[in-house]
Structures are given as structure tokens and as C-alpha cells.
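Peer 1: Show me the folded form of this:
(2 chains)
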Amino acid sequence: MSKEITPRAEDYSRWYQDIVLRAELADYAPVKGCMVIRPYGFAIWEKMQAILDRKFRDTGHVNAYFPLLIPESFLRKEAEHVEGFSPECAVVTHAGGAKLEEPYVIRPTSETIIWSMYRKWIQSYRDLPLLINQWCNVMRWELRTRLFLRTTEFLWQEGHTAHATEEEAEREARQMLEVYSEFARSTMALPVIEGLKTDREKFAGAVRTYTIESMMQDRKALQAGTSHNLGQNFARAFEVTFLDQDGERKLVWATSWGVSTRLVGALIMAHSDDRGLVLPPALAPLEIVIVPIYRSDEERGLVLEKAEQIRRELAGKHTVKLDDREQFKPGFKFSEWEMRGVPLRLELGPRDVASGQVVLVRRDTGGKESVAVESVSSAAGMALQEIQQGLYKRALAFREENSVKIDGYGELKEFLARDGGFALVHWAGDSADEERLQEETKATIRCIPLSQEKEAGRCVMTGKPSNGRVVVAKAY
RNA sequence: CGGGGCGUAGCGCAGUCCGGUUAGCGCGCAUGCUUCGGGAGCAUGAGGCCGGCGGUUCAAAUCCGCCCGCCCCGACCA
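Peer 2: So this is what the prediction gives:
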């Protein structure tokens, strides 16, 4: 195995691929388009799960599990939904040595099977709201795959809720978008723009799709999470009604929302560098690694004793590992842990032991400082906080540097063809105009930001009056 | 589906054009000694149906045909 990672500047996708493989986050599986998520990568996903799951529970949701296989006819019940998903569905036609009466679709998402059950479970307004989430795998037969960012099978969570009123469903969709964006910012150190998808970009079967959009280091946009207001589309398709307080039978209102293992890809592309993975402490499987340095057996004894003492002290508050492997030199260990994105490294050698100090090295900036052994715990805690915040600030600054207001179509095309980034443009076009935009620039409207100042202007494509800007960018 | 590339040891590759002993090199792996503050050195060793099937030939990693798989870039998507 080569020691080098392809530099970002040389080949961005190779760089990304190198990091995923060399940091042992994932590996290619024997099945086309599928990956094996290796223990180190899975540990990151598990941390994401733990934090998100807690947030879902705190907002009143409960977990459940629905089948992997969905009767094909279910998918057809919602017109837009079937149109959107059919092309990418894998279908099971045989089982038990015989052809099936009705084929099963391997779930690309679970709205249909869940709403078939909600029909049984919902009768009265007292059964609402119904707030269920499931953690599972789904399968979408994509033409082109990339580790974590787009694989044929992926892991995600999908929340599916049923409500008595339109307002409540809308509030739920917005609330979960908020949960996602707070998670992205605080935990992933990933700045995101909350916004609304255009009709062309919305979820197949939704009335409205909300999104959080982030910028990767190649200036392309990545959708990091979505939340949908499904209106009554699925309730109508599956005839899910309830008897309201006023004695009237009504269709229920629905939402669904999800984030996937794609977030691991977002994490990599947002923060990492040419030395390897960079992880925010909040999601790092290992926050601190201690690398001992010694020559003689005598030094080894002294250093390891002190290192173990430090490890024990830190272990109460942080995940910490003492790398006492004999077969590797310190230099090798430095590189290896940098490759794997461990936020903080403590170097401890004979000189440090003698002076009662330890060297603390930050993964994000490479900055080194010596601290007294007595204060290592507080210094490490502080450094981790600074890294978490520093990563966010750096990513935010990058996004801002690469976001520009553009008012002319020619200028927009030039911007997208050159360095690219987020173009903030006035828009009043329709779906056909949007299609033209994509054909001519390879970019799409990523979202209509939810929070922005009203500003009168003219649509960059049609010249029609507009009072707000949209984000246009090339996307993953 | 279009364009490009690749399949030879765990990984990265050379060898293929122009067929010919026992198929090489680097890394990694195993053992031992010396090393250890930024990817250590030496010695010894293990490890190959040369992607698959068929053909040509005295002889195929190498030539011919068919097939399979994977990666990258584009069109579709989270």
C-alpha cells in the first residue's frame, strides 16, 4: 500500500477515495455499487446515530421496524412516487424455488409499506400524532456510485409521521429540518443552508421538500438531509382517515424525513486535508491518542508508566488510546493517526517526562504546544472544543468565500464554468427554465433559502421580477 | 447507457508490442538483531490455476475469439 494520498488539488475524487480506503472507513464489496462499512467508519455512523436518535426521542418520536420487502403494487398507489422510484428499484421475483405471485420491491424508502400499516393503526384523532422513526437499509439502483456519497445499498433513518392538521404536519417537517441543521452545525461542524426545494427537485410524492445544503471543499453542493411535508398524498393513496373531534372523517396529514450514511461522506469532504481524514471531536471514534517515545528499556519503562497515568486520567472524560505498539516508530504512528483523523495527539518522550510536560498536537491546524502534565486534562478538553469550533468556522469561511451574488445569466454561466461555488441569484422561472439552466450550466437550484432578506430583483434567466435569491450550484 | 482505464502474490506495479528455462520488482507479512522526538536498517523466509472459457502452436501471462468483473469521467439520483 502506498503511503501517499493523492492531493486534493491534483484529483479531488481520487483524494476522497484514498481517504475512505486508507483510513479504513469502507472498502469495495464484491457487489457492484456496494461497500463494506469497516469498523472505523461504522463507529462514526454509530456516533451519528446515537446523537440523532436522542434528538428524535427528545422530540417525541419512537423507533420501529418495517419489512425490507414491499409488494410492488404498494409502490404504484401514489402516482408521483412510483414514477420517481421505479427506475431505481431492485425487484425480487423468485423465492422458495418458485416465481412469486406478486413481485416484491426492495425498499428504496418506506412510505408505502408504512402507510399501509398506518391505515390499520389510525382511527381517531386520539391516535394522532403518530411519530415513528426507523433505522434501516434501503436500496436504490444508481447508475453511478461513490463510497458513502451514493451507494446502491445505504443505511439511513426515515421518520414517518401522521398528523390531524396541515399546520401540525408543516410544523413537524420544519422542526425536523431544524434538528438536522442543528446536528450538522454542532456535531458535524458542518455549516448548512436550510431551504426549500423547487418542484423539480422535490421528493417524489411530497408537497414540499425542505433540505439542508452544504458546500464541500471542491465547492460543490451536497444535500445533507431532507424533510418532507407530504400533505395528504399518501393518506389518500392508502385511504388513511380518522374521525376528528368534530365528528367528521378526515384524511391525515403526513411528513417524512431522513439522513443517511452519506453524512459520513459529507464529513470527509468538508474537513479533511492532504494528510488524511479530519474529524470533529464530537464524532471521532477516538478523540485522543497518546504516542510514547523512547530508546532504551529504561526510558521505555519511565515513559510508558507516565503515559498510562495520563491515559487513565483522560479516560474518564474522553475516548483515549495509548499506542504502545512496539513494532512501529513514533513517526509512523503520527502519520497513521493523522490519516485516521484523530483530533488530538499527545506526544510523550523522556525529555517531557523529565520536565513534567507533554506535547499536545492538534489535527486540524497541526499546532503543537507543551503543557504541564498536571493540566493535561483541562488543556485537552479545551483543545478539543477549539477544534470542534475551529472546523465549523473554517468550513463556514470557505463557504462564504465561495458564495457570490450574481445578477446576469452570462456571468452565472462563467462563474459555474470557472471555479464554481454557490451562486445566489434571483429566480422566477418555471421547471422548463430550470431544466435549461441545468443543461447549459450543469448546475441546479439547490434550494430557496428559508432565511434571507427580501430584495427586489429580476430573474437571472427570465428577467421576471423576483423578491428573493436561490442557491445555484453543481451538486453531488 | 456513452467515453476512458484496468484485471499478474495481501496492496501497488513491470513483463504482453516481438510466444521459449524455475514469472519479476517495491510495499506489506513472518522470524531475528540493531533502531525509536515525523512514515527505520540489515539478514533470512513464506506467499502466484498471470480474471474466466475456448482456439492457434512443439510451446501462451504474451497471439486470436468470446465472456465476466471492477474503477474513473459524463447523463439520472440522497
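
Peer 1: Can you report how many residues lie near the nearest residue to A:Leu412 once chain neighbours are set aside?
Peer 2: Counting by C-beta to C-beta, 6 or more residues apart in numbering, A:Leu412 lies nearest to A:Ile406, which is 4.9 Å off, once chain neighbours are set aside. C-betas here are computed from N, CA, C, even on glycine. Taking other C-beta atoms under 10 Å as the neighbour definition, A:Ile406 ends up with a count of 20.

Peer 1: again, but for A:Ser13
Peer 2: Burial measure for A:Ser13: 12 neighbouring residues, criterion other C-beta under 10 Å.

Peer 1: and it, helix, strand or coil?
Peer 2: helix (DSSP: H, G, I helix; E, B strand; the rest coil).

Peer 1: need the contact list for it.
Peer 2: A:Arg146 (C-beta atoms under 8 Å, 6 or more residues apart in numbering).

Peer 1: With A:Thr255 instead?
Peer 2: Going by C-beta under 8 Å, 6+ apart, A:Thr255 touches A:159-161, A:163, A:169, A:172-173, A:176, A:227-230.

Peer 1: repeat for A:Leu360
Peer 2: Residues in contact with A:Leu360 (C-beta under 8 Å, 6+ apart) are A:344-346, A:368-371, A:376, A:379-380, A:383.

Peer 1: now A:Val264
Peer 2: The neighbours of A:Val264, taking C-beta under 8 Å, 6+ apart as the test, are A:25, A:41, A:44-45, A:48, A:148.

Peer 1: what's the pLDDT at it?
Peer 2: Residue-level confidence at A:Val264 comes out at 95, pLDDT.

Peer 1: before we move on, what about the one 10 residues further on?
Peer 2: The model reports A:Asp274 with a pLDDT of 91.

Peer 1: A:Glu24 now?
Peer 2: On pLDDT, A:Glu24 comes in at 89.

Peer 1: Closest to A:Ile122 out of the contacts of A:Thr255?
Peer 2: The shortest separation between A:Ile122 and any of the contacts of A:Thr255 is 10.4 Å, and it belongs to A:His163 (by C-beta to C-beta).

Peer 1: you'd agree the closest one is up against A:Lys250?
Peer 2: No: contact status for A:His163 versus A:Lys250: not in contact, 10.9 Å apart, counting by C-beta atoms under 8 Å.

Peer 1: higher neighbour count, these two?
Peer 2: More neighbours surround A:His163 than the other of A:His163 and A:Lys250, with 24 against 15 (other C-beta under 10 Å).

Peer 1: Counting by contacts, list what the longest helix along chain A packs against.
Peer 2: Ranked by residue count, the top helix of chain A under DSSP state H comes out as helix A:376-401. Contacting helix A:376-401 under the criterion 3 or more C-beta pairs under 8 Å, 6 or more residues apart in numbering; DSSP states H and E are the following elements: strand A:208-215, helix A:262-271, helix A:297-315, strand A:344-348, strand A:357-362.

Peer 1: is any part of it close to RNA strand B?
Peer 2: No: contact between helix A:376-401 and RNA strand B is absent, the nearest approach being 13.2 Å (criterion: C-beta under 7 Å from any atom of the strand).

Peer 1: Next, the buried residues of that helix.
Peer 2: A:376-377, A:379-381, A:383-384, A:386-388, A:390-392, A:394-396, A:398-399 (16 or more other C-beta atoms under 10 Å).

Peer 1: Quick check: residues of the stretch 251-400 of chain A near RNA strand B?
Peer 2: Proximity of the stretch 251-400 of chain A to RNA strand B is assessed by C-beta under 7 Å from any atom of the strand, with A:260-262, A:275, A:293-295, A:300, A:326-332, A:334-336, A:338-339, A:347-353, A:359, A:361, A:366 identified as the residues in range.
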